[in-house]
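**Q** Next come a sequence and a model predicted from it.
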Amino acid sequence: MSLTPRDIAKMLDHSTLQPFLTEEDIRKGCEIALKYDTASVCARPGDMKLVSQLLQGSDVKVCTVIGFPHGNHTTAIKLAEAEAALNDGCVELDMVLNIGKMIAGDEEYVFNEIDAICQLAHSRGARVKVILETCYLNDEQKKAACEICTRAKADWVKTSTGYGSGGCTLDDLRLMRAAVPESVQVKGSGGIRDLDTVLAARAIGASRCGVSATVKIMEEAEKRYAEGTLAEATQLKEMEGGY
């Protein structure tokens, strides 16, 4: 089966998370997502009511971030933030795990927090992506975080916020895909700016990519499709790992 632009679009969580974005910017972001029929719009928690309204009746999902970007909010605050987002129409939560606790080895705390968010989200028919912020973890910590997320029944493990010291790398995507069962999906985010990187992430097994360069990526996908050259990656393009 040949690859289509829709296959690419449905991998993209169109990101509108920068702190300086105005309501007009959020509206434009939703228009872009609707134009290309992306998987979701991932917007700030305070934008959920607007995003839910703008995406109503479409196939583009409403997504937000929890404990973003540092992950060190208390569990109670993360739960309250998640509940407010769900009440505002959100159906996907990208939560940042407690990075400091993970580095310190307090895996029980990290598990309990992720488990609580997952239980809340799943009880409301929503799904959870857990952001590991891989730039701050060593490989053993990344593997341990993936195991914790699997036990907590997270729906995805995700590389990065895009606001750390580095972003997504193909090596991290490989490690994470190998560290979780097929029931857990993998999302790359942070520094994904072109179609070839999305195709490389797809080849490794990522089902989603968080991007703000949606227009650039989709224009290239449509161009290649028209030329008959849109195809799965065979040689993987290495990433810079920036944000």
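**A** Good, I have the coordinates. Residues are numbered from 1 along each chain as shown.

**Q** Report the separation between Cys118 and Glu92.
**A** 12 Å (CB to CB, to the nearest Å). Yep, even glycine has a C-beta here, placed from its N, CA and C like the rest.

**Q** okay, how far is it across stretch 206-218, tip to tip?
**A** 17 Å (CA to CA, to the nearest Å).

**Q** centre of the chain versus it, how much separation?
**A** Centre-to-centre, stretch 206-218 and its host chain are 10 Å apart (CA atoms, centre = their mean, to the nearest Å).

**Q** Give me the buried positions along it.
**A** Buried residues in stretch 206-218, counted by 16 or more other CB atoms under 10 Å: Ala206, Ser207, Arg208, Cys209, Gly210, Val211, Ser212, Ala213, Thr214, Ile217, Met218.

**Q** swap in stretch 162-171?
**A** Result for stretch 162-171 [16+ other CB under 10 Å]: buried residues Gly162, Tyr163, Gly164, Gly166, Gly167, Cys168, Thr169, Leu170.

**Q** now do stretch 26-33
**A** Ile26, Gly29, Cys30, Ile32, Ala33.

**Q** The spatially closest residue to the first one that is not a sequence neighbour and Ala179, how far apart?
**A** Leaving aside its chain neighbours, Ile26 sits nearest to Asp47 (5.1 Å; criterion: CB to CB, 6 or more residues apart in numbering). With the distance defined as CB to CB, Asp47 ends up 32 Å from Ala179.

**Q** between these two, who's got more neighbours?
**A** Asp47 (24 against 19; other CB atoms under 10 Å).

**Q** give me every residue that touches that one.
**A** Under the criterion of CB atoms under 8 Å, 6 or more residues apart in numbering, the neighbours of Asp47 are Thr16, Glu23, Ile26, Thr64.

**Q** Equivalent analysis for Asp155, please.
**A** Contacts of Asp155 (CB under 8 Å, 6+ apart): Cys118, Arg127, Val128, Lys129, Val184, Gln185.

**Q** Is it possible to get CSV of those residues that adds pLDDT?
**A** Formatted as CSV, the contacts of Asp155 follow (pLDDT from 0 to 100):
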residue, pLDDT
Cys118, 98
Arg127, 98
Val128, 99
Lys129, 99
Val184, 98
Gln185, 98
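
**Q** neighbour-wise, which of these leads?
**A** Of the contacts of Asp155, with other CB under 10 Å as the count, Lys129 tops at 26 neighbours.

**Q** What helix or strand is that residue located in?
**A** Element membership for Lys129 (DSSP states H and E) is strand 127-131.

**Q** Using CSV, write down the CA coordinates of that strand.
**A** Taking Å, rounded to 0.1, in the frame of the first residue of the first chain, the C-alpha atoms of strand 127-131 are listed here in CSV:
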residue,chain,number,x,y,z
ARG,A,127,-5.5,8.9,26.4
VAL,A,128,-2.1,9.8,28.0
LYS,A,129,1.3,10.4,26.5
VAL,A,130,4.1,10.5,29.1
ILE,A,131,7.0,12.9,28.3
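
**Q** Find the residue ranges of the protein scoring beneath the pLDDT cut-off.
**A** Along the chain, segments meeting pLDDT under 70 span 1, 235-243.

**Q** try 90
**A** Scanning the chain for pLDDT under 90 picks out the ranges 1-2, 234-243.

**Q** Could you export the contacts of Asp155 as TSV, including distance to Lys10?
**A** Shown next, in TSV, are the contacts of Asp155 (distance: CB to CB, whole Å):
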residue	distance to Lys10
Cys118	23
Arg127	15
Val128	19
Lys129	15
Val184	18
Gln185	13
